[in-house]
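Participant: heads up, no residue letters with this:
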């Protein structure tokens, strides 16, 4: 397996990474644009886009912003509303795996920014049926979250005739350099299906065997091309116009708005995905079972590129945060499945590029890992200078003493 000589990404990255003659991956090369592009000029271009979508009559919203109780939601809303003066409608898909911390963050976001918000909560039984199907078909417990988060904003845009959707960061740009920032790629149904949804649209899940009916999936159906064209819906990514640095952005939001952070199970990043029990835990473990690397690799690679970690420090963190998932019991109880059955299903989705089964012991063995590439040749030739330390903070809990150990389907939506 080839690994990047600058960051930690392997060649089997599911978003399709490539390497140059120096052994540096496309993600690292596109990241270099962050230090050479004229971001003032790009910010002015974003301002011009926003000006074209402002609702002059005041009888509708200027744009839609998909949000959650974590990630870069605070930064996106702050930027769009307070920096550029837009009047956004916030939309959120209820992922069902919510932490109480995430519910609090979401409530504070809605209250502090004084924005209207629409939330879609699909019936828990429907979500469970869909999740059983996606576990079997693609080894995913998170398909319904990704599908809902990416389709609900588009459905709302069509229904309320709000043509502009503002997304945060394009994963394909930031992780693997699939595009240049200058390409100014926008959200497309094709990218969503191929990468976010692992090749499955909602209608592909209708199956008598899985007891999934078409009516169970209606909330996940993407609007037709005709509907989208009638409204002129487009989805732009802020990271094409703003130098994206999620760590620095979160720290700014902590200072300005009191964004609440929390320890994660399988990564050192305490800022992203604190709203979900599973994203950086069981869901991440499933990613490791499939591809042989996990969330700590994503986060360490990002911090190496920003000069906050050396490559060796990144490898140390990947090794440190390779724990077993802590939330498997919680998920199995919710889905009414035992852990052995879940593991058996997941083993069917291990990718042959990463895993090989020993036929004598029937044990799965990882073919390679970044730990075996600590001393690859020519690493120093492409090494980035470390310019600062990489420290993630834990903020004081707004609910000290509370044990956050069960899903919160619907919580308090505002702050007094």
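Facilitator: That came in fine, so what should we check first? What you are looking at is a predicted structure, and each value in this text was computed from that prediction instead of being measured. Residues are numbered from 1 along each chain as shown.
Participant: longest single strand anywhere in the protein?
Facilitator: strand 88-93 (DSSP state E).
Participant: can you list the residues that contact that strand?
Facilitator: Residues outside strand 88-93 that contact it (Cβ atoms under 8 Å, 6 or more residues apart in numbering) are 61-68, 77, 80-81, 106, 109-110, 113, 115-120, 145, 148-149, 152-153, 156, 160, 162, 166. (Each C-beta comes from the backbone N, C-alpha and C, glycine too.)
Participant: Can you name the next helix or strand after that strand?
Facilitator: Remark: after strand 88-93, the chain's next helix or strand is helix 100-113, criterion DSSP states H and E.
Participant: quick one: buried residues of that next one?
Facilitator: 100-110, 112-113 (16 or more other Cβ atoms under 10 Å).
Participant: which parts of stretch 75-94 are buried?
Facilitator: In stretch 75-94, counting by 16+ other Cβ under 10 Å, buried: 75-81, 84, 86, 88-94.
Participant: Out of the residues you listed, which two are the most distant from each other?
Facilitator: Greatest spacing in the buried residues of stretch 75-94, by Cβ to Cβ: 84 and 94 (27.8 Å).
Participant: Show me how the protein divides into domains.
Facilitator: 26-35+261-382, 39-240 (automatic domain parsing).
Participant: Including distance to residue 410 and mean pLDDT, could the ones you listed go into CSV?
Facilitator: Shown next, in CSV, are these (distance: least, Cβ to Cβ, whole Å; pLDDT from 0 to 100):
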stretch, distance to residue 410, mean pLDDT
domain 26-35+261-382, 14, 97
domain 39-240, 7, 97
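Participant: For residue 330, grab the count of nearby residues.
Facilitator: 18 (other Cβ atoms under 10 Å).
Participant: Would you mind listing the residues in contact with it?
Facilitator: Applying Cβ under 8 Å, 6+ apart, the residues near residue 330 are 277, 405, 406, 407.
Participant: 7 Å instead?
Facilitator: Counting by Cβ atoms under 7 Å, 6 or more residues apart in numbering, residue 330 makes contact with residue 277.
Participant: so it is in which element?
Facilitator: helix 328-335.
Participant: So for that helix, what gets flagged as buried?
Facilitator: Applying 16+ other Cβ under 10 Å to helix 328-335 flags 328, 330, 331, 332, 334, 335 as buried.
Participant: do you know how far the last one is from residue 276?
Facilitator: Meaning residue 335. Distance, residue 335 to residue 276, by Cβ to Cβ, to the nearest Å: 16 Å.
Participant: Check the first one too.
Facilitator: If you measure residue 328 against residue 276 using Cβ to Cβ, the figure is 14 Å.
Participant: what do you get for residue 21?
Facilitator: Separation of residue 21 from residue 276 (Cβ to Cβ) stands at 40 Å.
Participant: Please apply the same query to residue 39.
Facilitator: Counting by Cβ to Cβ, the gap from residue 39 to residue 276 is 31 Å.
Participant: between the two, which one's more packed in?
Facilitator: Taking other Cβ under 10 Å, residue 39 and residue 276 do not tie; residue 276 has more neighbours (27 against 15).
Participant: Next up, the contacts around the more buried one.
Facilitator: 95, 97, 98, 99, 102.
Participant: Can you list phi and psi of it for me?
Facilitator: phi -130, psi 130 (degrees, to the nearest 10).
Participant: Please tell me how far residue 316 sits from residue 310.
Facilitator: From residue 316 to residue 310 the distance is 9 Å (Cβ to Cβ).
Participant: Same check on residue 264?
Facilitator: According to Cβ to Cβ, residue 264 stands 22 Å off from residue 310.
Participant: between the two, which one's more packed in?
Facilitator: Using other Cβ under 10 Å, the more surrounded residue of residue 264 and residue 310 is residue 264, with 23 against 16.
Participant: Helix, strand, or coil at the more buried one?
Facilitator: Assigned with DSSP: H, G, I helix; E, B strand; the rest coil, residue 264 falls in the coil class.
Participant: I figured it was touching residue 283, is that so?
Facilitator: No - between residue 264 and residue 283 there is no contact under Cβ atoms under 7 Å: 11.6 Å.
Participant: which ones are touching residue 287?
Facilitator: Residues counted as contacts of residue 287 (Cβ under 7 Å, 6+ apart) are residue 294.
Participant: Check the secondary structure at it for me.
Facilitator: Taking three-state DSSP as the rule, one finds residue 287 in the helix state.
Participant: any idea how far residue 281 is from it?
Facilitator: Here residue 287 is placed at a distance of 11 Å from residue 281 (Cβ to Cβ).
Participant: rewinding a little: could you check the angle helix 328-335 makes with the very next helix or strand once past the helix holding residue 330?
Facilitator: Where DSSP H and E defines the elements, the next helix or strand beyond helix 328-335 is helix 339-347. Interaxial angle, helix 339-347 versus helix 328-335 (axes from the mean of the first three to the mean of the last three Cα atoms, to 10 degrees): 90 degrees.
Participant: Now do the buried residues in the next helix or strand after helix 339-347.
Facilitator: Tracing the chain C-terminally past helix 339-347 and defining elements by DSSP H and E, one meets strand 355-358 next. Buried positions in strand 355-358, judged by neighbour count with 16+ other Cβ under 10 Å: residue 355.
Participant: mind listing what strand 355-358 pairs with, with the direction of each?
Facilitator: With DSSP bridges as the test, strand 355-358 is paired with strand 363-366 (antiparallel).
Participant: And the contacts of the partner strand?
Facilitator: Residues outside strand 363-366 that contact it (Cβ under 7 Å, 6+ apart) are 292, 347, 350, 354, 355, 356, 357, 358.
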